[in-house]
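**Q** Have a look at this prediction, sequence included:
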Amino acid sequence: MTKNTKVNAAILIIGNEILSGRTQDTNTGTLANWLNSIGVKLVEVRVVPDDEKIIIDSLNLLRKKYDYVFTTGGIGPTHDDITAQSVAKAFDKKYEIHKEAFKILESYYKPGEFNEGRQKMVWMPKDAQLILNPTSGAPGFSIENVFCLPGVPSILKSMLGGLKNRIIGGQPVLSNTISLRTVESEIANSLKKVQDKNKDVEIGSYPFFHAGKLGVSIVLRSENQSSIDDCNSQILEFVNEKKIEVVDR
């Protein structure tokens, strides 16, 4: 892939605890920011239960549709951690002990602590490549364009550095935010005119409530800084005409 190629990705979040609301998902934000920084655009996020058929069907759909798919959750030692075996079935690969992962965890735990439950974490699809885990020993894995990461946010975050050389991105996406003391209806038409003239800039508007007052943040995103600058000037032009206050957030 060349640096000008548009590269995209999806995230498949696996776990009943996310769907039940018991656990808040923060991994999407972490992954989206990291992917942006290496020039990969996150296009879709799905949350699915710990259900083998749903995981397999979702994964097969996403891996054909996107350049990269990241799964989070379901690779721990308990009975409901079924991501690895589901991925093996999705790729029609044998589910087996990964010898290198076994060695890593055997040396990570004290003698006698590498029990049957923990040994479950070294079962992976045949030919899986390891994603090393500097925080808690147990590695994630990748197969073709699918990267399987743990659900624990701090551990997932610590593993991203080791992935950088394995993901080929395009141009990093740049962004600029203008925060205004206004409401969306007041700027909607003007903003649409600016968007129509600047097709290579993605313009989003997001209401906020700060210090007891309503406002709108306009976020400009593009791979090209000069396009963002042009767009920024056009927005500030109508903001000044309408005498709308620009605020620091």
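**A** Everything's here; your move.
**Q** Got the phi and psi for residue 67?
**A** phi -70, psi -40 (degrees, to the nearest 10).
**Q** hang on, it packs against residue 9?
**A** Yes: the criterion here is CB atoms under 8 Å, and residue 67 meets it with residue 9 at 6.3 Å. All C-beta spots, glycine's among them, are computed from the backbone N, C-alpha and C.
**Q** got any residues that touch both of these two?
**A** The contact sets of residue 67 and residue 9 overlap at residue 40 (CB atoms under 8 Å, 6 or more residues apart in numbering).
**Q** show me what contacts residue 218?
**A** If a contact means CB under 8 Å, 6+ apart, then residue 218 has 177-180, 187, 191, 203-206, 235 as its contacts.
**Q** For the spatially most central residue of the chain, give me its contacts.
**A** Closest to where the C-alpha atoms of the chain average out (CA atoms, centre = their mean) is residue 31, at 3.1 Å. Contact partners of residue 31, counting by CB under 8 Å, 6+ apart, are 11, 42, 70, 72, 156, 160.
**Q** Buried ones in the helix or strand it falls within, by neighbour count?
**A** Following DSSP states H and E, one finds residue 31 within helix 27-37. For helix 27-37, burial by neighbour count (16 or more other CB atoms under 10 Å) applies to 27, 30-32, 34-36.
**Q** of those residues, the lowest pLDDT goes to which?
**A** pLDDT across the buried residues of helix 27-37 is lowest for residue 36, at 89.
**Q** how about low-confidence regions in this protein?
**A** 1-5, 249 (pLDDT under 70).
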